[in-house]
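> Let's see this in three dimensions:
(chains A and B, ligands or ions: 2)
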Amino acid sequence: MDRILYELTESVRIAMAQVRANKMRSALTGLGVIIGIVAVTLMGTAIRGIDIGFNKSLAMLGDDIVYVQKWPWGNVEDWWNYVDRPPMKPEDAVALNRIFDGTVNSQLQLAVFSDARQIAVKAGGESVSGVYTTGANADFSQILVADFEEGRMYTATESDAARQVCVLGFDVAHALFPGRSAVNQTVIVQGQPFTVIGVLVKQGSFLGLFSMDNQMIVPLGAYRKYFGIRDDNTQIQVKVKDKLKLQEAREELTGALRRVRGLAPGERDNFSLNGGDGFKKQLDPIKQGIAFAGLFITGLSLFVGAIGIMNITFVSVRERTKEIGTRKALGARRRTILLQFLIEAVSICAAGGVVGLGVTYGLCLGVKTAMPSFPLEFSVSLVATSMIVAIATGIISGFVPALGASRLDPVVALRYE
Amino acid sequence: MTPPAPVESRTVRPVGPLVISIEGVTKLYHMGDETIHALRGVSLEIHRNEYLAIMGPSGSGKSTLMNMLGCLDTPTSGKYEFSGQNVASMVDDELADIRNREIGFVFQTFNLLARSDALKNVELPLIYAGLPPQVRHERATAALESVGLGNRVHHKPNELSGGQRQRVAIARALVNRPSIILADEPTGNLDSKTGVEIMELFEDLYEKGNTLIVVTHEESIARHARRIIRLRDGLIESDGPVD
Ligand SMILES: Nc1ncnc2c1ncn2[C@@H]1O[C@H](COP(=O)(O)OP(=O)(O)OP(=O)(O)O)[C@@H](O)[C@H]1O
Ligand SMILES: [Mg+2]
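Ligands and ions are numbered 1, 2, ... in the order given. Presented below is the predicted three-dimensional model:
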């Protein structure tokens, strides 16, 4: 047992001396591995970054909210299957809530009807266009993910009376009333005055696509009266009691909706249950694309790197044939010689892996400072993966020449000039 | 080269137990269609405490025999027993272990590892023997001292003279206390004065109880030994004490 340990230490020492003695050669050989590792780690950081960014965005949607809509999220090719579906109606939400209340151990807490559209909002001389305006009753506060920076949500009384009050997103409030409080101020929406009663905290953008801070929430009655409800766009947001039992909740919700819609057992659902996990599926092809391209580049450069390592190990074996003969004469077993050259190949690859990781780390830092929102995320598992890949490359590419070295006939090796 | 001391004045140590016994050993090399008979049936016994020279013209099979005796090679046919073990049937790693424990090699071209210092070179057989670092260090240092290189322990081969290099190689051959020391033309790459010094070192080793086999084609070198075997065309031509 000790013997293997001593042989290993000796092999590592020899390998280090060998790499040190052939710095340039080893560096050039390691280049392929370095590029491969940079590719694999960049790919990893990008995919991880996308995941993290995406999960942050999902949290904005509320991970305990199911969106019931006429259309499913994402691209629809068979639009004719959806176009004739009935729209979501406020009465549906009322009926749903009645069912939830009447169900023992219901996983569903609350259904809230809403409609939304983009409208310009003005105050004084300022105007903000394309504000995402939601019309919903006071229950919507339970759906709302964001906290209030200032003020409050409208009450059920205010909502039921269709009072002209509104809650503003952070950006809208600060654009219309720069440097002062928006609460109790009046904004003009399509010629109608609305009193600001609350401002939400800053939330950021959803997937970098649209800002969650460019929004406004008004009582449903006022919304219907002044902006009108467009049937195609309405939705019912359903809050789930336990987000870990989302699947169960969705099944219960499907059943409840079918009852509300009066669907016969054979009939197909005429509504879509949307949510963050649906978005996730949308994102998979993008991630797969990155992974595929990354794997291709990684594979290619590691392949080239591996060939380089193999070649250099062959050269090393040839250069040191006489040394191999001598070592064998002194009692080195096959295993010893095999290990020696394998460790040499692995050292070069491992060094390439470390350098590659360093390069990636540097790149990530650079990108982070230049574009803070760009999704790159360095991780421990990434370091482990790339070191394993680098070492495996060393073992695979060094094995054939090392095996050849270990099997050399000592007499032939000693004669070699 | 100065002639060795007269035979009468030298000690001939009583021989010990049988170490090597070969019988009817042949070695064939195939070169394309041609078959080369490097050894054509060699029989020979070597005991502990012998000092043997193997002589013969170039191509007579000296090195081939030497490799065979040193367990670097196995015979094409014939019997080879080393301390009663049948070597002819051993596999690579078993031969490696025998070489490590029982045989010390001294090569014409020294064969030191260029990037390792004298000490590391001498430690090598001890690493393969699985000895811990302190023991290796002690024994390698002692071996270097015994060949008069106590003050060159940390010199690399290229910082040593030819004679000193061969002394390092001899220390390396000695360090694992082998049953026999095999030297193939140990003075072949040295000037005659240095050659004599190396042969004096061998004499010293013999006096201390080592078993030596030296291959040479120089009569003056061979006469340092106590027994000379002369090869010709792969056969033993004569085998007897130095007269
Ligand atoms: N690996 C080999 N392949 C083919 N022929 C070989 C091989 N090794 C030795 N021979 C042949 O075997 C014969 C004996 O060779 P060997 O090396 O034993 O001679 P030698 O007595 O040591 O000669 P020298 O004094 O020149 O070293 C020679 O004819 C040589 O050409
Ligand atoms: Mg020879």
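
> residues near the nearest residue to B:Lys156 once chain neighbours are set aside, how many?
Using C-beta to C-beta, 6 or more residues apart in numbering or on different chains and skipping the chain neighbours, the partner closest in space to B:Lys156 is B:Asp117 (5.4 Å). C-beta here means a position set from N, CA and C on the backbone, and glycine is covered the same way. By the criterion of other C-beta atoms under 10 Å in any protein chain shown, B:Asp117 has 19 neighbours.

> mind checking how far B:Asp117 is from A:Ile217?
81 Å (C-beta to C-beta, to the nearest Å).

> show me where chain B has strands.
B:18-31, B:34-47, B:51-55, B:77-82, B:85-86, B:103-106, B:180-184, B:212-215, B:227-232, B:235-241 (DSSP state E).

> ranking those strands by burial, who's on top?
Mean neighbour count (mean count of other C-beta atoms under 10 Å in any protein chain shown) peaks for strand B:103-106 among those, with a mean of 27.

> Which positions in stretch B:161-175 come out as buried?
B:163-175 (16 or more other C-beta atoms under 10 Å in any protein chain shown).

> Where does pLDDT dip in chain B?
Residue ranges of chain B with pLDDT under 70: B:1-9.

> By residue count, what's the longest helix in it?
What stands out as the longest helix in chain B, according to DSSP state H, is helix B:192-207.

> which bits of chain B sit near ligand 1?
B:29, B:31, B:36, B:38, B:56, B:58-64, B:217 (C-beta under 6 Å from any ligand atom).

> Please repeat the previous calculation with a cut-off of 5 Å.
B:Tyr29, B:Ile36, B:Ala38, B:Ser58, B:Gly59, B:Ser60, B:Gly61, B:Lys62, B:Ser63, B:Thr64 (C-beta under 5 Å from any ligand atom).

> Give me the buried subset of those.
B:Ala38, B:Ser60, B:Gly61, B:Lys62, B:Ser63, B:Thr64.

> Excluding chain neighbours, what is closest to the second one?
Here the nearest residue to B:Ser60 in space, its sequence neighbours aside, is B:Leu231; by C-beta to C-beta, 6+ apart that works out to 4.3 Å.

> next one: the fourth one
Using C-beta to C-beta, 6+ apart and skipping residues adjacent in sequence, the residue nearest B:Lys62 is B:Val215, 4.7 Å away.

> Tell me the residue of the stretch 201-350 of chain A that sits nearest ligand 1?
A:Gly325 (12.2 Å; C-beta to the nearest ligand atom).

> so who does that residue touch?
Counting by C-beta atoms under 8 Å, 6 or more residues apart in numbering or on different chains, A:Gly325 touches A:Leu408, A:Pro410, A:Val411, A:Val412, A:Ala413, A:Leu414, A:Arg415, A:Tyr416, B:Asn111.

> So the first one is in contact with A:Ile324, correct?
To tie it back to what came earlier, the one meant is A:Leu408. Yes - if you go by C-beta atoms under 8 Å, A:Leu408 and A:Ile324 touch, sitting 5.5 Å apart.

> still on that earlier bit, how far out from the middle of the chain is the longest helix of chain B?
13 Å (C-alpha atoms, centre = their mean, to the nearest Å).

> so that helix versus strand B:180-184, what angle?
Orientation of helix B:192-207 against strand B:180-184 (axes from the mean of the first three to the mean of the last three C-alpha atoms, to 10 degrees) gives an angle of 160 degrees.

> which helices and strands does helix B:192-207 pack with?
Packing partners of helix B:192-207 (3 or more C-beta pairs under 8 Å, 6 or more residues apart in numbering or on different chains; DSSP states H and E): helix B:162-174, strand B:212-215.

> please redo it, this time with the cut-off set to 10 Å
Applying 3 or more C-beta pairs under 10 Å, 6 or more residues apart in numbering or on different chains; DSSP states H and E, one finds that helix B:192-207 contacts strand B:51-55, strand B:103-106, helix B:133-146, helix B:162-174, strand B:180-184, strand B:212-215, helix B:219-222.

> Quick check: the farthest pair among the residues of chain B next to ligand 1?
B:Tyr29 and B:Ser58 (15.6 Å; C-beta to C-beta).

> which of the residues in stretch B:216-225 are buried?
B:Thr216, B:Ser220, B:Ile221, B:Ala222, B:Arg223, B:His224, B:Ala225.

> Tell me which two in those residues are the farthest apart.
Across the buried residues of stretch B:216-225 (C-beta to C-beta), the longest gap, 11.2 Å, separates B:Ser220 and B:Ala225.

> can you pull out the helices in chain A?
Counting by DSSP H, the helices of chain A are A:2-21, A:23-61, A:90-102, A:140-143, A:156-160, A:170-176, A:220-226, A:246-261, A:276-319, A:321-329, A:334-370, A:380-406, A:410-415.

> Turn those into JSON lines, columns for mean pLDDT.
Shown next, in JSON lines, are the helices of chain A (pLDDT from 0 to 100):
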{"stretch": "helix A:2-21", "mean pLDDT": "86"}
{"stretch": "helix A:23-61", "mean pLDDT": "82"}
{"stretch": "helix A:90-102", "mean pLDDT": "92"}
{"stretch": "helix A:140-143", "mean pLDDT": "89"}
{"stretch": "helix A:156-160", "mean pLDDT": "92"}
{"stretch": "helix A:170-176", "mean pLDDT": "92"}
{"stretch": "helix A:220-226", "mean pLDDT": "93"}
{"stretch": "helix A:246-261", "mean pLDDT": "90"}
{"stretch": "helix A:276-319", "mean pLDDT": "83"}
{"stretch": "helix A:321-329", "mean pLDDT": "95"}
{"stretch": "helix A:334-370", "mean pLDDT": "90"}
{"stretch": "helix A:380-406", "mean pLDDT": "92"}
{"stretch": "helix A:410-415", "mean pLDDT": "93"}
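
> Quick check: which of these is nearest to B:Glu123?
Using C-beta to C-beta, the helices of chain A put helix A:2-21 closest to B:Glu123, at 8.7 Å.

> now the angle between helix A:321-329 and the closest one, please.
Using the same axes, to 10 degrees: helix A:2-21 against helix A:321-329 is 170 degrees.

> Ends of stretch A:199-215, what's the gap?
10 Å (C-alpha to C-alpha, to the nearest Å).

> ugh, wrong one, stretch A:175-189
End-to-end distance (C-alpha to C-alpha), stretch A:175-189: 15 Å.

> Going by neighbour count, list what's buried in that stretch.
A:Ala175, A:Leu176, A:Phe177, A:Ala182, A:Val183, A:Gln185, A:Val187, A:Val189.

> Could you check how far that stretch is from the centre of its chain?
Relative to its parent chain, stretch A:175-189 has a centroid offset of 36 Å by C-alpha atoms, centre = their mean.

> residues contacting residue 241?
This is for chain A. A:Asp64, A:Phe100, A:Asn105, A:Ser106, A:Gln107, A:Leu108, A:Gln109, A:Leu110, A:Glu248, A:Ala249 (C-beta atoms under 10 Å, 6 or more residues apart in numbering or on different chains).

> Wait, chain B was what I had in mind.
If you count contacts by C-beta under 10 Å, 6+ apart, then B:Pro241 has B:Val7, B:Val12, B:Ala225, B:Arg226, B:Arg227, B:Ile228 around it.

> Distance of the third one relative to B:Ser43?
To tie it back to what came earlier, the one meant is B:Ala225. Taking C-beta to C-beta, one finds B:Ala225 at 19 Å from B:Ser43.
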